[in-house]
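Student: prediction below, plus the sequence it came from.
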Amino acid sequence: MVDYQQKERYNISDLLDIVGLLRSEGGCPWDREQTHKSIRSDLIEETCEVLEAIDLGDKALLREELGDVLLQVVFHCRIEEEEKSFNFDDVCDEICKKLIVRHPHVFGDVSAETTDQVLKNWDSIKMETKGQESYTDTLYSVAKSLPALMRAQKIGKRAMRAGMDLRCAEDAMDCIVREKSALDDAVRSGDKDNIGEKIGDLLFSCVNAARHLGVDAELALKASTEKFIKCFAETENLVRKAGLDMKELPVEELDIYRDKAKKLIR
C-alpha cells in the first residue's frame, strides 16, 4: 500500500499525484505496464462516452465521463514525464499559448466582429504556425484516424475556405444523381474495384450535400442507424408475436412486417 492521505475533495494536482503513484514501483502492476499504444483505444472509448452523455443531456454522466477523458490525458503525460520528454504542465503551457496566438482579436489588436472573421483569422494563423504553405497542406493535416464521414465533411469545409466548392445545395444534390448514375454503370460492368470507388464517390457527394444543407453527416447517419435498430426491433417483435422466426421468412413477407413496424414507431 502506498502512503497517500485521502481527502474530501480533490483537484488536478491530486490527479497528477495519484497517477504518478499508480505508475510507481509500489503502485499498480497494470498501470505500470501501459504504453501510449496499449491505451490508445481507451481514449477513443472515453471520448465516445462523453459524446453519449452530451447526447443524453445527462450532466452527472458528463461530469464523470469528462473525468475519464482527463485521466487519459494525464496518463499519457505521465508516460512522457517518465521518459523526460514533457509533462502535464508543458501540455497546459502549449495549449494556453496556442489559444492566445489564435485569438488576436481577444488578446491582441486584431479586429474580428463576426464568427466568419474569427474563423478566417484562425485558419491563416494556423497555416502560419504549423508551417502549412498551401491549401492542400490544410487538407492533408486532417487526421486520417477520424471517422470517414466526419473527415470528409471537414475536408470539404477546408476546400470551401480555399474557394473550391459546389456553388449551392442544388448543385450538391445534382452531384449525388451523377455519382449514382456512375455507380449504376460500375455495377453493370461487374468491376468490384470500380464499384467500391463509385460507392465512395457517392458517399462523398452525400457528405457535401449534407454540408451545404447545414446537416452534420456523422450525426445524420447515427440517427438513421438508431432508427433502423428501432425498426428492426419492432419488426422482430411483430414476427415473434406471430409465432415465427425472422430467418425463416421470405424477404417479401418480412417486408410486410417491416412496413407495419415503421408505422408503429412513427
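Tutor: That came through fine.

Student: I'd like the distance from the helix-or-strand element of the chain with minimal mean pLDDT to the chain centre, please.
Tutor: In the chain, no helix or strand scores lower on mean pLDDT, DSSP states H and E than helix 115-129, which sits at a mean of 81. In terms of Cα atoms, centre = their mean, to the nearest Å, the centre of helix 115-129 is set 22 Å apart from its chain centre.

Student: ok, residues contacting it?
Tutor: Identification of contacts with helix 115-129 by Cβ atoms under 8 Å, 6 or more residues apart in numbering yields 98, 101-102, 104-105, 110-112, 132-133, 137-138, 161. To be clear about C-beta, it is placed using only N, CA and C from the backbone, and glycine gets the same treatment.

Student: also stretch 57-70?
Tutor: With contact meaning Cβ under 8 Å, 6+ apart, stretch 57-70 is reached by Ile12, Leu15, Leu43, Glu46, Thr47, Glu49, Val50, Glu52, Ala53, Ile54.

Student: what's the neighbour count on the last one?
Tutor: This means Ile54. 14 (other Cβ atoms under 10 Å).

Student: next up, the contacts around it.
Tutor: By Cβ under 8 Å, 6+ apart, the contact list for Ile54 reads Leu62.

Student: which stretch of helix or strand covers it?
Tutor: For Ile54, the enclosing helix or strand under DSSP states H and E is helix 40-56.

Student: what about the helix or strand following that helix, average pLDDT?
Tutor: Scanning forward in sequence from helix 40-56 by DSSP H and E, the next helix or strand is helix 59-82. Across helix 59-82, pLDDT averages out at 97.

Student: can I get helix 59-82 as PDB, trimmed to CA atoms?
Tutor: Extracted in PDB, the C-alpha atoms of helix 59-82 (Å, rounded to 0.1, in the frame of the first residue of the first chain):
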ATOM      1  CA  LYS A  59     -24.900  16.300 -16.700                       C
ATOM      2  CA  ALA A  60     -23.900  13.900 -13.900                       C
ATOM      3  CA  LEU A  61     -22.800  11.400 -16.500                       C
ATOM      4  CA  LEU A  62     -21.000  14.100 -18.500                       C
ATOM      5  CA  ARG A  63     -19.100  15.100 -15.400                       C
ATOM      6  CA  GLU A  64     -18.000  11.500 -14.800                       C
ATOM      7  CA  GLU A  65     -17.000  10.900 -18.400                       C
ATOM      8  CA  LEU A  66     -15.100  14.200 -18.700                       C
ATOM      9  CA  GLY A  67     -13.100  13.000 -15.700                       C
ATOM     10  CA  ASP A  68     -12.300   9.700 -17.600                       C
ATOM     11  CA  VAL A  69     -11.000  11.700 -20.600                       C
ATOM     12  CA  LEU A  70      -8.900  13.900 -18.300                       C
ATOM     13  CA  LEU A  71      -7.400  10.800 -16.800                       C
ATOM     14  CA  GLN A  72      -6.400   9.600 -20.200                       C
ATOM     15  CA  VAL A  73      -4.700  13.000 -20.900                       C
ATOM     16  CA  VAL A  74      -2.900  12.900 -17.500                       C
ATOM     17  CA  PHE A  75      -1.900   9.200 -18.000                       C
ATOM     18  CA  HIS A  76      -0.300   9.900 -21.400                       C
ATOM     19  CA  CYS A  77       1.500  12.900 -20.000                       C
ATOM     20  CA  ARG A  78       2.800  10.800 -17.100                       C
ATOM     21  CA  ILE A  79       4.300   8.300 -19.500                       C
ATOM     22  CA  GLU A  80       6.200  11.100 -21.300                       C
ATOM     23  CA  GLU A  81       7.300  12.600 -18.000                       C
ATOM     24  CA  GLU A  82       8.900   9.300 -17.100                       C
END
